[in-house]
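Trainee: dropping a prediction and its sequence here:
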Amino acid sequence: MKVLKSKIVFNQCRVNNIYELKVDFSGNIIPGQFFMIKPLDNSFLLPRPLSVNDVNGKKTTFLYRAEGIGTTKISKMKAGDELQLFGPLGNGFDINKLHGRTAVVGGGIGIAPLLYLTKLLGKNVDAYLGFKDITYNVCEFEKYAGNTIVVTENGSTGKKGFVTNYVEYGRYDAIVGCGPEIMMTKIIYECMKRNIKCYVSLERRMACGIGACLGCSVMTRNGIKRTCKDGPVFSGDELI
Ligand SMILES: Cc1cc2nc3c(=O)[nH]c(=O)nc-3n(C[C@H](O)[C@H](O)[C@H](O)COP(=O)(O)OP(=O)(O)OC[C@H]3O[C@@H](n4cnc5c(N)ncnc54)[C@H](O)[C@@H]3O)c2cc1C
Ligand code: FES
């Protein structure tokens with residue numbers, strides 16, 4: 001884990017308020033890990049957590065939604081500007097537990113931490129990507145996944161409805177999800193019914209990112225856990 005200044009290679013709008021940020025970083029990163037990120041000018045105090053979307057040699061990519069003060073400020077930064085990066089943080093996905101056929105299920109910007117995992121696992125993975133209406137970064141998954149299934153709530157692209165209704169749960173040895181909590185609850189429920197392994201990456205508001213402030217606590221069957229340090233990846237059957 002390092003705190004360092006890193007130069008932006010590019011920071012481009014993909015669609016609407018969705019941006020792709022590429023920075024210089026050399027070090028080992030496990031898929032599902034995240035960095036705490038902020039500009040150097042202290043225009044806001046707390047760095048914001050963003051998951052690693054992809055790793056290419058010494059370049060690390062993030063896919064993010066410009067949501068509020070912090071991410072909007074980051075979205076205005078340009079190639080060559082410097083950012084403060086703190087990470088990689090969190091446990092990430094344990095690839096050794098993902099044997100056999102795996103489905104990754106992402107909802108909206110929840111697709112972000114699933115790409116690097118898909119890349120490492122390769123064609124044994126099917127990617128189910130759910131969006132409200134406008135889709136993004138689908139072709140990145142198509143490069144690496146065995147099958148990529150796109151679902152939009154209004155049916156404007158791909159299948160119509162909720163992505164969780166299209167996952168063929170019984171075909172998989174493990175399911176990995178990231179997205180809105182209601183989506184992850186459904187995935188966990190369907191997996192528990194069938195006794196399928198299930199891992200989800202959680203989002204909580206974070207302050208320190210290293211387990212010190214307890215601001216990101218989540219109740220589990222094994223007591224209170226910190227999303228930043230014990231997670232953000234949890235086994236579905238551990239969550240209440
Ligand atoms: C481990 C982790 C990984 C993440 N990875 C990504 C990623 O790859 N891409 C991405 O776009 N976002 C990701 N997020 C969410 C991202 O960190 C928040 O959107 C961001 O911190 C919001 O900061 P802001 O200053 O833009 O918004 P603020 O001005 O602080 O808040 C704007 C709105 O967003 C809500 N909000 C802020 N943070 C969160 C949160 N963590 N969960 C739910 N609602 C929140 C606030 O309540 C408010 O309504 C991740 C969060 C965590 C904890
Ligand atoms: S953000 Fe401080 S303990 Fe997790």
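Mentor: Alright, I've got the coordinates. Residues are numbered from 1 along each chain as shown. Ligands and ions are numbered 1, 2, ... in the order given.

Trainee: quickly list what the closest residue to N91 other than its chain neighbours is bridged to.
Mentor: Once flanking residues are discounted, N91 sits nearest to V233: 5.4 Å by CB to CB, 6 or more residues apart in numbering. C-beta coordinates here come from the backbone N, C-alpha and C atoms, glycine included. Per DSSP bridges, the residues bridged to V233 are S201.

Trainee: can you pull the contacts of V233?
Mentor: 32, 90-94, 199-202 (CB atoms under 8 Å, 6 or more residues apart in numbering).

Trainee: what does this structure have sitting close to ligand 1?
Mentor: Neighbours of ligand 1 within the chain, by CB under 6 Å from any ligand atom: 34, 48-51, 62-65, 67-71, 109, 112, 203-206, 232.

Trainee: buried among the residues you listed? Make that a PyMOL selection.
Mentor: Here is the PyMOL command that picks out the buried ones among the residues of the chain next to ligand 1, judged by 16 or more other CB atoms under 10 Å:
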select buried, resi 34+48+49+50+51+62+63+64+65+70+71+109+112+203+206+232
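
Trainee: now, the residues of the chain next to ligand 1 that are in strands?
Mentor: 34, 48-51, 62-65 (DSSP state E).

Trainee: ligand 2 contacts on the chain?
Mentor: 206-209, 211-216, 226-228.

Trainee: just send the contacts of V233 back as a markdown table, with pLDDT too.
Mentor: Shown next, in a markdown table, are the contacts of V233 (pLDDT from 0 to 100):
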| residue | pLDDT |
| --- | --- |
| G32 | 98 |
| G90 | 98 |
| N91 | 97 |
| G92 | 97 |
| F93 | 97 |
| D94 | 95 |
| Y199 | 98 |
| V200 | 98 |
| S201 | 98 |
| L202 | 97 |
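
Trainee: ok, these vs V138, which is closest?
Mentor: Ranked by distance to V138 (CB to CB), those are led by S201 at 19.2 Å.

Trainee: for the protein, what spans make up the helices?
Mentor: Applying DSSP state H to the chain gives helices spanning 69-75, 114-121, 138-144, 181-194.

Trainee: of these, flag the one that's most buried.
Mentor: Among these, ranked by average contacts under mean count of other CB atoms under 10 Å, first place goes to helix 114-121 (a mean of 23).

Trainee: now for that helix, which elements pack on it?
Mentor: strand 54-56, strand 102-107, strand 125-131, helix 138-144, strand 174-178 (3 or more CB pairs under 8 Å, 6 or more residues apart in numbering; DSSP states H and E).

Trainee: want to throw those into JSON lines with mean pLDDT?
Mentor: Formatted as JSON lines, those follow (pLDDT from 0 to 100):
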{"stretch": "strand 54-56", "mean pLDDT": "97"}
{"stretch": "strand 102-107", "mean pLDDT": "98"}
{"stretch": "strand 125-131", "mean pLDDT": "98"}
{"stretch": "helix 138-144", "mean pLDDT": "97"}
{"stretch": "strand 174-178", "mean pLDDT": "98"}
